[in-house]
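[1] with the sequence up front, the predicted model follows.
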Amino acid sequence: MSRTMPDRYGLVGASSGQLLTYQGQAILHDNRREMEFLFPNTRVVRVTRGELGQPWMWLKHHPAMEKTTFPLQREEFVDAR
């Protein structure tokens, strides 16, 4: 029985054209729409296991995302005025 890997998406730097990293690890997420929502002006690309070729981390483990709930909860992003 073959196991399929979940889709993974990464952010591409506008100047470098490379996957954005944190401490040498590519930042990946399994939901393209969420990544595009969180980073609206950054190109999001699908990354296959063979293409990666470097250490990586899930977006949810990035220190700037520690207070973000995944999957995203709309209530966290609605202005409650």
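    Arrived safely, thanks for sending. Residues are numbered from 1 along each chain as shown.

[2] how many residues are close by residue 10?
    Using other Cβ atoms under 10 Å, residue 10 has 23 neighbouring residues. Just so you know, the C-beta spots here come from the backbone N, C-alpha and C atoms, and that holds for glycine as well.

[3] next structured bit after the helix or strand harbouring it?
    Assigned by DSSP states H and E, residue 10 falls within strand 8-12. Under the assignment DSSP H and E, the closest C-terminal helix or strand after strand 8-12 is strand 21-22.

[4] buried ones in stretch 9-20?
    Residues of stretch 9-20 classed as buried: 9-11, 19-20 (neighbour count, 16 or more other Cβ atoms under 10 Å).

[5] and the helices in the chain?
    With DSSP state H as the criterion, the chain has helices at 32-38, 49-52.

[6] go through those helices and pick out the most buried.
    helix 32-38 (a mean of 16; mean count of other Cβ atoms under 10 Å).

[7] for it, C-alpha coordinates in PDB please.
    In PDB, the C-alpha atoms belonging to helix 32-38 read as follows (Å, rounded to 0.1, in the frame of the first residue of the first chain):
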ATOM      1  CA  ARG A  32      -2.400  27.000  -0.100                       C
ATOM      2  CA  ARG A  33      -5.400  29.200   0.500                       C
ATOM      3  CA  GLU A  34      -4.400  29.800   4.100                       C
ATOM      4  CA  MET A  35      -0.900  30.700   3.100                       C
ATOM      5  CA  GLU A  36      -2.100  33.100   0.400                       C
ATOM      6  CA  PHE A  37      -4.500  34.700   2.900                       C
ATOM      7  CA  LEU A  38      -1.700  35.200   5.500                       C
END
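
[8] packing partners for that helix?
    If you count contacts as 3 or more Cβ pairs under 8 Å, 6 or more residues apart in numbering; DSSP states H and E, helix 32-38 packs onto strand 8-12, strand 43-47.

[9] between the buried residues of stretch 9-20, which is closest to residue 69?
    Nearest to residue 69 out of these is residue 9 (Cβ to Cβ; 18.5 Å).
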